[in-house]
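Enquirer: Here's a sequence, model it:
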Amino acid sequence: MRQKKIEFIVKRALTYSALSLGALAMLLPFLWMLSTSLKSYSSVFVFSLSDIQWIPDPLYLKNYIDVWKVVPFAKFYLNSIFVVLCVTFGQVATSAFAAYAFARLKFPGRDKIFFAYLATMMIPGSVTMIPVFTLMRAFGWIDTYKALIIPAIFSAYGTFLLRQFFMTIPRDLEDAAKIDGCSLWGIFWKMILPLSHTALATLTIFVSLGNWVSFMWPLLVTNSIEKRTLPIGLAYFQELYQYAQPDWGLLMAGSLVTMVPVIIVFLFNQRFFVEGIKLTGMKG
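Expert: Numbers count the residues shown, from 1 in each chain. Here you go, the predicted structure:
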């Protein structure tokens, strides 16, 4: 019995040690980014392993001030916030309406239409990017917020996620609401949505984080600096130093400022990421 207990303790210690090493390996790039953002231009290019300073001395905080002055970083930040809020609200709303129709309403060809819509998830985004860009140009929406927002507010994944959750809500509740004279809109607004706050919060987090770091589509449809979002704004730092070495300290400071909302959302909503994995595995 004592031998088994010792083996259990040793296995647990080895497991925790391996997990700790893995966590440290994942944190190292972030710690290096933080360290670089607090260094002056000359201190960044110290390549001798023995001379590397993880904690710069002195701390060069000027990078966090200059990042707002060298480029219109505040405008990039506001653009990202506006686009993410609009896309998140729009995608959650359209996904909720579509999911309710596919999960609760009966109409000819419902399941076939749903599976056809779901099949669009198999098409890589790079395949549809150029046709959608051509459509945006035909509408005259290039370099406008419309091109950044409208194509992104429809999602097969969001519809699938919410449909799977809606189908787990007992139909007895819906039947009771109908007997009490509640309309379809009333059932959706007063019963389905309040009971689905976990699924809605999960989708909101996934959509907001995904659009916060979106790079390729905003790069295609924006031409002016005034319409650029944060990922494109960070790339703009390298354009400033086209024929010289970029100021990596400044670039790392901008990257960390960009990451602040993502880190906050993740720290306070970790359980919804786990819920999202559970929900996508539901049978319906």
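Enquirer: only C-alpha atoms for contact and neighbour calcs from this point on.
Expert: OK.
Enquirer: Can you tell me the SS state at residue 53?
Expert: State at residue 53, reduced to three classes by DSSP: H, G, I helix; E, B strand; the rest coil: coil.
Enquirer: That one and residue 254, how far apart?
Expert: Distance check for residue 53 against residue 254: by Cα to Cα, to the nearest Å, it reads 20 Å.
Enquirer: can you check residue 26 too?
Expert: Between residue 26 and residue 254 the computed distance is 20 Å (Cα to Cα).
Enquirer: What about residue 232, how many residues nearby?
Expert: The tally of other residues near residue 232 (other Cα atoms under 10 Å) stands at 19.
Enquirer: Could you chop this structure up by domain?
Expert: Per the record, the chain has its domains at 2-60, 64-280, by automatic domain parsing.
Enquirer: want to try a markdown table for those, with mean pLDDT as columns?
Expert: Putting the domains of the chain into a markdown table (pLDDT from 0 to 100) gives the following:
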| stretch | mean pLDDT |
| --- | --- |
| domain 2-60 | 79 |
| domain 64-280 | 86 |
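Enquirer: highest average neighbour count across those?
Expert: domain 64-280 (a mean of 16; mean count of other Cα atoms under 10 Å).
Enquirer: from the chain's centre, how far out does that domain sit?
Expert: In terms of Cα atoms, centre = their mean, to the nearest Å, the centre of domain 64-280 is set 7 Å apart from its chain centre.
Enquirer: gap between residue 257 and residue 234?
Expert: Using Cα to Cα, which is the criterion applied here, residue 257 is 11 Å from residue 234.
Enquirer: and the longest helix seen in the chain, how far out from the chain's middle?
Expert: In the chain, with assignment by DSSP state H, the single longest helix is helix 2-37. The chain centre lies 27 Å from the centre of helix 2-37; the measure is Cα atoms, centre = their mean.
Enquirer: packing partners for whatever helix or strand comes next after that helix?
Expert: Per DSSP states H and E, helix 2-37 leads on to helix 41-44 as the next helix or strand towards the C-terminus. Based on contacts counted as 3 or more Cα pairs under 8 Å, 6 or more residues apart in numbering; DSSP states H and E, the elements that helix 41-44 packs against are helix 248-268.
Enquirer: Any chance you could list what contacts the helix it packs on?
Expert: Residues lying outside helix 248-268 but in contact with it, judged by Cα atoms under 8 Å, 6 or more residues apart in numbering, are 33-34, 36-41, 44, 63-64, 66-67, 77, 205, 209, 230, 234, 237.
Enquirer: Just want the angle from that helix to helix 2-37.
Expert: Between helix 248-268 and helix 2-37, the angle formed by their directions is 140 degrees, by axes from the mean of the first three to the mean of the last three Cα atoms, to 10 degrees.
Enquirer: Relative to residue 54, how far out is residue 62?
Expert: According to Cα to Cα, residue 62 and residue 54 sit 18 Å apart.
Enquirer: Helices along the stretch 151-284 of the chain, start to end?
Expert: With DSSP state H, counting those that start in this stretch as the definition, the stretch 151-284 of the chain shows helices at residue ranges 156-166, 171-179, 184-187, 193-195, 197-212, 216-221, 230-240, 248-268, 270-280.
Enquirer: Would you convert those into a markdown table that also reports distance to residue 150?
Expert: Converted to a markdown table, these look like this (distance: least, Cα to Cα, whole Å):
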| stretch | distance to residue 150 |
| --- | --- |
| helix 156-166 | 15 |
| helix 171-179 | 32 |
| helix 184-187 | 24 |
| helix 193-195 | 23 |
| helix 197-212 | 13 |
| helix 216-221 | 12 |
| helix 230-240 | 19 |
| helix 248-268 | 23 |
| helix 270-280 | 24 |
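Enquirer: Name the nearest residue to the one residue sitting closest to the centre of the chain, sequence neighbours excluded.
Expert: Most central in the chain under Cα atoms, centre = their mean is residue 209, positioned 1.7 Å from the mean C-alpha point. Here the nearest residue to residue 209 in space, its sequence neighbours aside, is residue 262; by Cα to Cα, 6 or more residues apart in numbering that works out to 6.6 Å.
Enquirer: go on, residue 75?
Expert: The shortest distance from residue 75 to any non-neighbouring residue, by Cα to Cα, 6+ apart, is to residue 226 (6.8 Å).
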